[in-house]
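Trainee: Please find the sequence and the predicted model below.
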Amino acid sequence: MSIRPTAPEDSFAARRLISIDDLSDADITYVLDLADHYAGFLRRSQPAPQRLAGVTQINLFFEDSTRTNLSFDLAGKKLGADVINVPVAASSVHKGESLVDTAQTMAAMGARVMIVRAKEESLHYTLDDVLPCMIVNGGAGTREHPTQALLDAATIRSEFETLEGLVVAICGDVKHSRVAASDARLFQRLGAEVRFVGPAHLMPQDDQFTDIARADNLKDGLGGADIAMGLRMQFERMGDDGAEAARGYYQEFGLTHETIKLAKPGARVMHPGPMNRGVEIDGALADDRELSLVLRQVFYGVPTRMACLDALLTRGE
Ligand code: CP
């Protein structure tokens, strides 16, 4: 059994997790170490300490989710919190109640922490200003998905021990991906070299992520890479341009057993999910237990979110 890591002094002064930038370097190391610690409890099917007993946790997802919503649900319950998953589709949002009023209503029920997913990129900051509870970002438009980045880093550490010196190629629809944005920032802070790989129309604007190299073909993008991170083609954010964006994409940029050979020997494939099989990644590669870390990412979602909730709510005390 691993020894519980101790929180560094001055850690977790932050009262929210909306952006990776809300965390200091020491906070990040502590969360990743704590995620590993909790992963041990899950692997042994051992009950975790009830560190959030008495805490009310509200999961408020205005956009669809499987992995993030359910893993936050499980994470809170495993630590002893009372978790409410707001059934947004059947809520008074559909009678015209605003998102802020909905959140304020949930906060008035005694929430200490609220996990929020929304396509409105500034909503989390608005809620942080007006609500008395802690706001944790479960996905904000195309802007940030910090807990996905943390679980991705935990997964990479479980395979390579460290991100220091690794080359991570983030491939596909970078333009619409909050995961790409958070992964890139976090991985760079942890010492990895990050590249964006894809056609120009799926890249961020030229004045964004100016410190990250871009490749418009897989040969250059995957050359020397330790990890190929596929991204979902986010058709719901493309309007009428979706069919055009997908045309010829798989032939040129699809991650397959053939194209992964362009990367470093021993390279691994990741994808935050949900996947469009046959659009950005071949199903056979995604299911290859030797090369693919996709299900390990899902596994790490629970202990990483346990670590985030524990660290934010108890500050390691
Ligand atoms: N990776 C991710 O955020 O998945 P969900 O949309 O299913 O939560």
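Mentor: Alright, I've got the coordinates.
Trainee: So I260 versus A184, what's the distance?
Mentor: Counting by Cβ to Cβ, to the nearest Å, the gap from I260 to A184 is 20 Å. Using the backbone N, CA and C atoms, a C-beta is placed for each residue, glycine as well.
Trainee: More neighbours: these two, which one.
Mentor: A184 (25 against 22; other Cβ atoms under 10 Å).
Trainee: thought that one was touching I170?
Mentor: Yes: counting by Cβ atoms under 8 Å, I170 is a contact partner of A184 at 6.4 Å.
Trainee: Need the residues touching each of the two.
Mentor: Shared contacts of A184 and I170 (Cβ atoms under 8 Å, 6 or more residues apart in numbering): V194, F196.
Trainee: check contacts around M203.
Mentor: By Cβ under 8 Å, 6+ apart, the residues touching M203 are V174, K175, F196, R214.
Trainee: Show me the residues you listed that map onto strands.
Mentor: Residues of the contacts of M203 located in strands (DSSP state E): F196, R214.
Trainee: Would you mind checking which of the contacts of M203 is nearest to the ligand?
Mentor: Nearest to the ligand, judged by Cβ to the nearest ligand atom, of the contacts of M203 is V174 at 15.1 Å.
Trainee: wait, does stretch 80-99 make contact with the ligand?
Mentor: No: applying Cβ under 6 Å from any ligand atom, one finds stretch 80-99 separated from the ligand by no less than 12.7 Å.
Trainee: List the buried residues in the lowest-mean-pLDDT helix or strand in the chain.
Mentor: Sorting the helices and strands of the chain by mean pLDDT, DSSP states H and E puts helix 242-246 at the bottom, at a mean of 75. For helix 242-246, the neighbour count (16 or more other Cβ atoms under 10 Å) marks A245, A246 as buried.
Trainee: got the end-to-end distance for stretch 93-104?
Mentor: 12 Å (Cα to Cα, to the nearest Å).
Trainee: and that stretch, which residues are buried?
Mentor: Neighbour-count burial for stretch 93-104 [16+ other Cβ under 10 Å]: V93, L99, T102, A103.
Trainee: And the second one, its phi and psi?
Mentor: As for L99, its main-chain torsions (degrees, to the nearest 10) stand at phi -60, psi -40.
Trainee: Just list the residues touching it, thanks.
Mentor: F62, V93, A118, E120, L123.
Trainee: Now the first one. Nearest residue, chain neighbours left out?
Mentor: In space, and not counting its chain neighbours, F62 is closest to A118: 4.4 Å by Cβ to Cβ, 6 or more residues apart in numbering.
Trainee: list the contacts for the one you found?
Mentor: F62, E63, L99, H124, G139, A140, G141.
Trainee: Take those and keep only those in helices.
Mentor: L99, H124 (DSSP state H).
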